[in-house]
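Undergrad: structure, please.
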Amino acid sequence: MQRRQKILKTMLYSGMLCSSILSTSCSKDDNPLVNDEPVTDEHITLNQVRLHYRDWGNPSAPPLIILHGLTGHAWEFDEVASALSDKFHVMTINQRGHGDSDWAEEYNPEIMANDVADFIDELNLGKANVIGHSMGGVNAWWLAAQYPEKIEKMVLLDINPQVISSSEIVGLWQEYLAYYAQAEYNSLEEGVAEYMASYEGSHEEALEIFATNNLKQNDADKWVWKFDAGNLLKWMQSTENTAQEQLEILETITCPTLIVKAGSSPFTDISDMVQMEETIPDSEMVIVPGSGHDIHIEQFNALLNELKTFLE
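TA: Residues are numbered from 1 along each chain as shown. Model (predicted):
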């Protein structure tokens, strides 16, 4: 029971630190690795779903697409995107059901990989580099398997087939999403306060900013969460008990692949990550010590060094 509660709390708060930490403690003025490349917010309709994405400019450079995790969003990768935008045309996508993108009827790796494939086609990107974190990593490996002609290189951040296949993890996500699906508040302040009520960490201000940015008013003037909490469980259910199928998909990937294991992640086991490295033909694995699941936040500099070495 204690392990279950620990993992659930990690799910509630780990990924949700991202964008707010960037805005409060990792400004461009404080971090010389971050560039001043202008970013624009764009929309594109694919498969009848309107998607929001952030375009970091430099369109003549090799394209690089970044995919967030379940209930995550594009803004959490602002620092990574900015730091890579001098050498790449970086685009961070709010995948269907997340951020300012539309909600949808269906969520699974195949459909969301198709969204990205069509994104590449619509923007005439040719072959793109792809970074995927957690759920975004799974969508990325489906993309690489189904559309090898569209992928130059791929990076998978702290995810493996065993995690998404686990019935325990699916059950935890069911609790998490069911809670937020029914949540509504009379004011923005009430929503932020309720979200923070059980938080025991040291990033209160950062989490308050994140929650503020992740709430919206509905037609009844109630404040609700932006991500599609009522339906995103479909994504997890589509991967439950599919570890062997996922490994067979990984065997077909032909692009160079970097697998990044968070050294202190509560989700990924080292033996499972090694198995994934042995399964993907042209792959290598690195371990980032001292990092939880959100490597791009907890060990930004170490991750950036690995990304630049591999991608450039």
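Undergrad: mind listing the strands for the chain?
TA: Ranges of strands in the chain, per DSSP state E, are 40-46, 49-55, 63-67, 89-94, 128-133, 151-157, 215-217, 223-225, 257-262, 283-288.
Undergrad: okay, the ones you listed in CSV with mean pLDDT next?
TA: Below are the strands of the chain laid out as CSV (pLDDT from 0 to 100):
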stretch, mean pLDDT
strand 40-46, 98
strand 49-55, 98
strand 63-67, 98
strand 89-94, 98
strand 128-133, 98
strand 151-157, 98
strand 215-217, 89
strand 223-225, 93
strand 257-262, 97
strand 283-288, 97
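Undergrad: could you dump those to JSON lines with mean neighbour count and distance to Glu184?
TA: All C-beta spots, glycine's among them, are computed from the backbone N, C-alpha and C. Shown next, in JSON lines, are these (neighbours: other C-beta atoms under 10 Å; distance: least, C-beta to C-beta, whole Å):
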{"stretch": "strand 40-46", "mean neighbour count": "13", "distance to Glu184": "26"}
{"stretch": "strand 49-55", "mean neighbour count": "20", "distance to Glu184": "23"}
{"stretch": "strand 63-67", "mean neighbour count": "26", "distance to Glu184": "29"}
{"stretch": "strand 89-94", "mean neighbour count": "26", "distance to Glu184": "22"}
{"stretch": "strand 128-133", "mean neighbour count": "27", "distance to Glu184": "28"}
{"stretch": "strand 151-157", "mean neighbour count": "24", "distance to Glu184": "32"}
{"stretch": "strand 215-217", "mean neighbour count": "15", "distance to Glu184": "10"}
{"stretch": "strand 223-225", "mean neighbour count": "19", "distance to Glu184": "5"}
{"stretch": "strand 257-262", "mean neighbour count": "24", "distance to Glu184": "34"}
{"stretch": "strand 283-288", "mean neighbour count": "16", "distance to Glu184": "38"}
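Undergrad: TSV for the ones you listed, including distance to Tyr179?
TA: Conversion of the strands of the chain to TSV gives the following (distance: least, C-beta to C-beta, whole Å):
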stretch	distance to Tyr179
strand 40-46	29
strand 49-55	25
strand 63-67	25
strand 89-94	22
strand 128-133	23
strand 151-157	26
strand 215-217	15
strand 223-225	10
strand 257-262	25
strand 283-288	30
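Undergrad: for stretch 114-126, which residues meet the burial criterion?
TA: 114-120, 123, 125 (16 or more other C-beta atoms under 10 Å).
Undergrad: ok, now stretch 134-152?
TA: Buried, per 16+ other C-beta under 10 Å, within stretch 134-152: 134-147, 150-152.
Undergrad: again with stretch 305-312
TA: Buried residues in stretch 305-312, counting neighbours by 16+ other C-beta under 10 Å, are found at 306-307, 310-311.
Undergrad: quick one: mean pLDDT for it?
TA: For stretch 305-312, mean pLDDT rounds to 97.
Undergrad: where does pLDDT dip in the stretch 51-200 of the chain?
TA: Within the stretch 51-200 of the chain, the set of residues satisfying pLDDT under 70 comprises 199-200.
Undergrad: again, 90 this time
TA: Within the stretch 51-200 of the chain, the ranges that satisfy pLDDT under 90 run 71-73, 75-76, 78-79, 176, 180, 192, 194-200.
Undergrad: swap in the stretch 201-312 of the chain?
TA: 201-216, 266, 290-300.
Undergrad: redo that, cut-off 70
TA: 201-207, 209.
Undergrad: can you pull out the helices in it?
TA: All helices of the stretch 201-312 of the chain, identified by DSSP state H, counting those that start in this stretch, fall at 204-213, 233-239, 243-251, 270-279, 295-298, 300-311.
Undergrad: nearest to Ser166, of those?
TA: In terms of C-beta to C-beta, the element of those nearest to Ser166 is helix 243-251, at 8.5 Å.
Undergrad: all good on my end, thank you.
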